Structure formats: structure tokens, C-alpha cells
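*Asks:* Show me how the following folds:
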Amino acid sequence: SEQSKQEYKEYLEPLKKLRKKGSKGTTIFMIICCVIGGLAGFFGAMLGDKLSLSGLEPFPVPDGFGFLYFIALFVFYLVTTVLHTIIHEGGHLVFGLLSGYEFLSFRVMSFTIVKKDGKLAVKKFKLLGTLGQCLMYPPEWKEGENYPYLAYNLGGGIFNIIFSILAIPLFFTGSSLLGWMAGIFIFTGAIFAISNLIPMTVGIPNDGKNALDCKRSPVAQKAFYLQLKLNADLSDGTRLSDLPLDIIQIEKQETSEKSGLVVGLRLYEIYWYMEHGMDAEAKALLTEMEAKREHMALAFVNSFDLLRMYFLLLEETPVERLAAYYNVLKVVFQQNADLSVLFVKYAYYRLLTDEEREMIEWLSLTNKKGKLPKKLPKVKKPITAESIYEQIQKSAAAYPVVGEAQLYLELTERVKDSIISTACDTQEA
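*Replies:* Numbering: from 1, shown residues only. Purely as a prediction, here's the structure:
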């Protein structure tokens with residue numbers, strides 16, 4: 001009905017507005033990449049002119065091999081991206097070890113090496129928005145002293161620069177293929193270094209942004225330490241609910257509340273309440289954090305919106321409001337291995353009827369003029385609550401942070417139990 005479309009629009013507009021502001025970091029990142037590409041082209045052209053004047057052709061491509069060169073260089077670019085991811089995370093590892101940290105896990109794409117009970121184990125795990133990640137056991141926090149955050153945060157970008165500089169001599173070997181490959185390696189390294197060392201937020205705060213937040217605020221430094229400590233404890237199998245709340249909580253300070261490090265800790269606090277069954281406290285803190293989303297990275301905005309949708313699904317909520325959240329989280333819902341998404345997705349398919357989900361699909365496809373499509377797009381393989389439940393079990397088994405996986409499994413079971421409880425109440429009535 002027209003009323004439903006109007007209510008849906010009113011719920012959707014503020015959620016969409018947050019996404020527009022969150023795209024600024026991505027725009028800045030794209031501009032930086034274009035500037036680097038432009039500079040590389042400019043200096044490459046200058047080099048080419050000088051070599052041409054000397055009677056040399058810079059990086060000549062043999063006749064008839066142009067297309068093969070293009071394919072080979074494209075493949076090498078993909079390989080280079082993986083190489084620089086390894087180099088970047090290796091930089092975090094080396095500078096972390098030099099700063100007193102201890103190895104916990106090392107991930108490139110989905111390939112993950114985890115330290116468990118003093119032994120190394122290989123797992124397959126991928127985190128949305130990241131090519132890799134190196135996590136470590138942090139040195140102990142000492143009140144009144146600066147925490148060793150700088151080298152660990154910036155070590156990745158520094159390693160990208162070092163290895164790119166080491167590749168410069170290959171640029172001048174006289175080999176055309178090696179010259180092109182060296183140029184791609186150096187260019188990719190520059191992208192990695194600049195996009196990580198210049199403070200910015202592209203979906204999530206980068207290394208430079210975290211380091212800057214720590215420099216500006218001792219509260220952010222402590223939040224950085226607590227996040228690493230929590231991750232280490234949960235990776236070792238400790239449940240979030242087994243930890244005292246004062247370890248997770250951190251003092252509220254206006255200047256530090258915009259830091260992704262502090263926001264991430266608030267997210268842990270909400271989950272702590274949820275694992276203890278303290279939904280009223282969890283929703284109160286969630287409401288408090290929602291009021292600050294304007295200054296948050298998109299990843300955190302999505303995390304808080306997922307939690308809000310979870311609570312709305314447990315309550316009697318108008319489908320128009322659920323449709324608004326479904327619209328902005330539809331892309332996030334495509335993630336099939338992220339437990340923080342899957343338990344909400346399970347609630348969506350488990351708690352709503354087919355008719356309610358169909359109405360949500362219709363509303364989410366409403367265009368700017370308020371018109372609906374003639375028909376819903378065909379679904380190749382229908383999604384069911386049972387298939388999501390199986391995926392949650394599979395993902396939890398591979399999840400390197402054991403305590404966190406247990407949290408999501410418990411929240412999933414609560415949804416399942418609520419259905420059984422409701423069915424029993426209905427039968428008794």
C-alpha cells in the first residue's frame with residue numbers, strides 16, 4: 001500500500017544518509033590511487049622520452065606478443081597484491097615482535113596460521129574488507145606509560161616501502177618483462193603503503209588512523225590494548241561472559257568516542273550484555289552508540305545496524321522498518337562465512353514468515369519515485385534457515401577466535417529456542 005511505502009521511506013532515509021557520509025573515505029582513497037597512477041604515468045613518460053632520445057626503446061614489447069604481455073602482467077599484478085599483503089602483514093609481525101608483542105595469528109586472504117596451545121594450526125577464515133591480518137598477544141598495559149602502539153601499527157606500510165625500494169634496481173635491468181614487473185610491484189607497494197600509512201577510513205579505520213587516534217588519546221591507546229587482549233583471550237577459548245565487565249568497559253571521553261578503537265570496544269560490551277542475557281542493557285548501549293554513528297566507519301555502522309535488526313526481529317516490529325534495515329544490509333547479508341552476519345541472517349529467515357519476507361523484498365526494491373517493480377527477481381537457490389544454520393556450524397568450526405564463535409553459536413541457539421518456546425505456548429493455548 002501507499003502507506004507502507006511511505007513508512008518504509010521514512011525509516012530508510014536516515015539509514016541511507018549514514019552510508020553517504022561513510023563513502024567519503026572511499027572517495028579519498030580512489031583520488032589517492034588516481035594521483036599515484038598519474039604520477040607513475042608522468043615520470044614513466046619522462047623516462048621513456050629520455051631513453052628514446054638515447055636511441056633506446058623503454059621496455060620494448062616483442063612484435064606479436066602484446067596481448068600475451070598484457071595477460072602476463074595482469075596475472076603478475078594479482079600475484080603482486082598477494083605478495084604485498086604477505087609483506088605488509090610480515091611488517092606488522094616483525095615490528096610487533098621488536099615492540100614486545102607475541103605471535104597469535106597470521107592471515108593472507110583466507111589462509112590463516114593460528115597459535116593454539118603453543119602449536120601452530122592452519123585454518124581457513126576470511127574477514128570482510130581485509131586482504132590479511134596479523135594479530136598478536138600484546139605486552140601488558142602499564143598505567144601512566146605510553147603504550148608501544150606506533151611500530152606495530154605502521155610496520156606493515158613501512159615494509160611495503162622497503163621492499164618496493166629494493167625492487168627499483170630490477171626496473172633498470174634492460175629486460176622488458178622484468179622492467180614491467182618491477183614497475184607493477186613498486187606501484188602496488190606504493191598503493192599499500194600510502195593507503196595504510198596516511199590516516200583514513202575506508203570501510204574500517206586503517207593503520208595510520210589507529211596510530212593517530214592512539215597519539216591523540218591515552219583512552220584510545222588503552223582501547224587498542226584491550227582489543228588485542230580480548231582477541232587473544234577469546235582466541236585461547238575464553239568466553240566473553242567469563243571476563244569481568246570492567247575489563248571490557250572503558251571510560252567515556254568525548255574526544256576518544258570517535259575513535260574506531262573505542263567504538264570496537266563498545267561493540268564488545270554490547271555482546272557481553274547479550275551473552276549474559278542482559279538484553280535491556282545491551283539495547284540501551286546500542287541506542288547510545290546509534291546516536292554517534294555519524295562519525296563512525298561504515299563497518300561499525302553496519303555492525304550496530306545488524307544488532308538493531310536482530311533485536312527488532314525478536315520483537316513485534318513492522319515489516320516496513322525491517323525492510324529499511326534489510327535494504328541497507330542486503331550487500332552485507334551476502335557474506336556467507338561472517339558469523340556476526342550469519343546469526344542475524346538466521347534470525348531473519350527463522351523468525352519471519354514467507355509472506356513477511358516477500359513484502360520486505362518488494363519494499364526494498366521500491367525506486368526513488370516510489371514505484372515497485374513488476375515482479376521480484378528469480379532466486380536460483382532459495383535460502384532457508386536450515387541452510388544458514390549449517391553454515392554457522394561450519395564457519396564456527398573454522399573460526400580462529402574460539403570464544404567469539406561460541407558467542408555467535410549461543411545467540412543462534414536462542415533464536416532457535418525462541419521458536420520452540422513460541423510453538424509450545426501456542427499448543428498450550
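
*Asks:* where does this protein have its least confident helix or strand?
*Replies:* Lowest by mean pLDDT, DSSP states H and E among the helices and strands of the chain is helix 24-53, with a mean of 56.

*Asks:* after that helix comes which helix or strand?
*Replies:* Remark: after helix 24-53, the chain's next helix or strand is helix 66-98, criterion DSSP states H and E.

*Asks:* Check which residues of that following helix are buried.
*Replies:* Burial within helix 66-98, assessed by neighbour count using 16 or more other Cβ atoms under 10 Å, is assigned to 76, 80, 83-96. The C-beta positions use only the backbone N, C-alpha and C, and glycine is treated the same way.

*Asks:* Minimum pLDDT in these, which residue is that?
*Replies:* Least confident entry in the buried residues of helix 66-98, by pLDDT: residue 76, with 87.

*Asks:* and residue 385, how many neighbours?
*Replies:* Residue 385 is flanked by 18 other residues according to other Cβ atoms under 10 Å.

*Asks:* my read: it touches residue 352, true?
*Replies:* No: applying Cβ atoms under 8 Å, one finds residue 385 not in contact with residue 352, separated by 9.6 Å.

*Asks:* how about the helices of the stretch 101-250 of the chain, start to end?
*Replies:* With DSSP state H, counting those that start in this stretch, the ranges of helices along the stretch 101-250 of the chain come out as 150-166, 176-197, 207-216, 218-235, 245-248.

*Asks:* Tabulate those helices in a markdown table, adding columns for mean neighbour count.
*Replies:* Below are the helices of the stretch 101-250 of the chain laid out as a markdown table (neighbours: other Cβ atoms under 10 Å):
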| stretch | mean neighbour count |
| --- | --- |
| helix 150-166 | 20 |
| helix 176-197 | 20 |
| helix 207-216 | 20 |
| helix 218-235 | 22 |
| helix 245-248 | 14 |
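
*Asks:* Which of those helices sits closest to residue 343?
*Replies:* With Cβ to Cβ, the closest approach to residue 343 among the helices of the stretch 101-250 of the chain belongs to helix 218-235: 16.0 Å.

*Asks:* Tell me which residues touch the closest residue to residue 238 other than its chain neighbours, please.
*Replies:* Spatial nearest neighbour of residue 238, excluding adjacent residues (Cβ to Cβ, 6 or more residues apart in numbering): residue 403 at 5.0 Å. Residue 403 makes contact with 233-240, 242 under the criterion Cβ atoms under 8 Å, 6 or more residues apart in numbering.

*Asks:* Pick the one among the residues you listed closest to residue 316.
*Replies:* If you rank those by distance to residue 316 using Cβ to Cβ, residue 240 comes first, at 28.6 Å.

*Asks:* now the closest one: how far from residue 414?
*Replies:* With distances taken as Cβ to Cβ, to the nearest Å, residue 240 is found 15 Å from residue 414.

*Asks:* Looking at the two, which is more packed in?
*Replies:* Regarding residue 240 and residue 414, a neighbour count based on other Cβ under 10 Å identifies residue 240 as having more, with 22 against 16.

*Asks:* okay, how far is it across stretch 329-340, tip to tip?
*Replies:* Start to finish, the residues bounding stretch 329-340 are 12 Å apart (Cα to Cα, to the nearest Å).

*Asks:* That stretch: which residues count as buried?
*Replies:* Buried residues in stretch 329-340 (16+ other Cβ under 10 Å): 329, 332-333, 335, 337-340.

*Asks:* ok, and what's touching it?
*Replies:* Residues contacting stretch 329-340 (Cβ under 8 Å, 6+ apart): 125-128, 302-303, 305-306, 309, 326, 341-342, 345, 348, 364, 391-392, 395-396, 398-399, 404-405, 408.

*Asks:* tell me how far it is from the chain's mean position?
*Replies:* Distance of stretch 329-340 from the chain centroid (Cα atoms, centre = their mean, to the nearest Å) equals 11 Å.

*Asks:* avg pLDDT for that stretch?
*Replies:* Here stretch 329-340 scores 87 as its mean pLDDT.

*Asks:* How about stretch 387-403?
*Replies:* Rounded mean pLDDT across stretch 387-403 is 92.

*Asks:* Could you point out which residue ranges in the chain have low pLDDT?
*Replies:* Low-confidence segments of the chain, defined by pLDDT under 70: 1, 21-66, 69, 128-129, 174-176, 253-257, 367-370, 372-374, 419-429.

*Asks:* what about the closest residue to residue 152 other than its chain neighbours, distance to residue 265?
*Replies:* Spatial nearest neighbour of residue 152, excluding adjacent residues (Cβ to Cβ, 6+ apart): residue 96 at 4.4 Å. Distance of residue 96 to residue 265, computed by Cβ to Cβ: 20 Å.

*Asks:* How about residue 380?
*Replies:* 40 Å.

*Asks:* Which one's more surrounded, the two?
*Replies:* Applying other Cβ under 10 Å to residue 380 and residue 265 shows that residue 265 carries more neighbours, namely 21 against 5.

*Asks:* Is it correct that that one falls within a helix?
*Replies:* Yes: looking at residue 265 with DSSP: H, G, I helix; E, B strand; the rest coil, it is inside a helix.

*Asks:* what's the distance between it and residue 248?
*Replies:* Residue 265 is 7 Å from residue 248, by Cβ to Cβ.

*Asks:* what do the two both touch?
*Replies:* Taking Cβ under 8 Å, 6+ apart as the criterion, residue 265 and residue 248 both touch 226, 230.
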